[in-house]
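Student: the sequence and its predicted three-dimensional model are supplied below.
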Amino acid sequence: MDKYHFYLLMMGTVCFLKMKVIILDPTNPQYRATLAFLYKELGEFEKAREQALEVLRLAPENKGQVEEFLRTLPLK
């Protein structure tokens with residue numbers, strides 16, 4: 001699969017997960033964590049950071065994992 005088709009696949013996945021987050025369960029930290037990862041892969045670092053911080057708000061017991069993820073993102 002070339003990069004263009006991979007990007008389209010990832011965008012479709014992001015859109016699908018975004019709908020799940022908003023419609024099915026906006027308080028599910030796993031949905032938000034997956035969305036953060038996908039945003040990072042797409043280079044949408046600010047959106048990835050926002051989702052990661054939302055994971056921290058929803059599931060503070062994951063603080064270590066969230067902080068580790070945030071360290072992998074470029075600075076603003």
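Tutor: Structure received.
Student: measure the residue nearest to the spatial centre of the chain to M10 for me?
Tutor: For the chain, the residue whose C-alpha lies nearest the mean C-alpha position (C-alpha atoms, centre = their mean) is A36; its distance is 1.2 Å. To M10, A36 is 13 Å away according to C-beta to C-beta, to the nearest Å. Every residue, glycine included, has its C-beta placed from N, CA and C.
Student: what's around the residue nearest to L73 when sequence neighbours are not counted, how many residues?
Tutor: Spatial nearest neighbour of L73, chain neighbours left out: F45 (4.9 Å); criterion: C-beta to C-beta, 6 or more residues apart in numbering. By the measure other C-beta atoms under 10 Å, the count of residues near F45 is 15.
Student: the residue nearest to the centre of the chain sits in which helix or strand?
Tutor: For A36, the enclosing helix or strand under DSSP states H and E is helix 29-41.
Student: centre of the chain to that helix, how far?
Tutor: On the basis of C-alpha atoms, centre = their mean, to the nearest Å, helix 29-41 sits 2 Å off its chain's mean C-alpha point.
Student: next one: stretch 56-76
Tutor: For stretch 56-76, the distance to the chain centre is 11 Å (C-alpha atoms, centre = their mean).
Student: and if you look at stretch 48-67?
Tutor: How far stretch 48-67 lies from its chain's middle: 10 Å, per C-alpha atoms, centre = their mean.
Student: ends of that stretch, how far apart?
Tutor: Distance between the two ends of stretch 48-67: 12 Å, counting by C-alpha to C-alpha, to the nearest Å.
Student: quick one: F6 and F69, what's the gap?
Tutor: 22 Å.
Student: so for these two, which sits in the more crowded spot?
Tutor: Between F6 and F69, F69 has the larger neighbour count (other C-beta under 10 Å), namely 20 against 11.
Student: once you drop chain neighbours, what's closest to that one?
Tutor: Excluding its sequence neighbours, the residue lying closest to F69 (C-beta to C-beta, 6+ apart) is A52, at 5.4 Å.
Student: number of nearby residues for that neighbour?
Tutor: By other C-beta under 10 Å, the residues close to A52 number 26.
Student: quick one: contacts for it?
Tutor: 32-33, 36, 66, 69-70, 73 (C-beta atoms under 8 Å, 6 or more residues apart in numbering).
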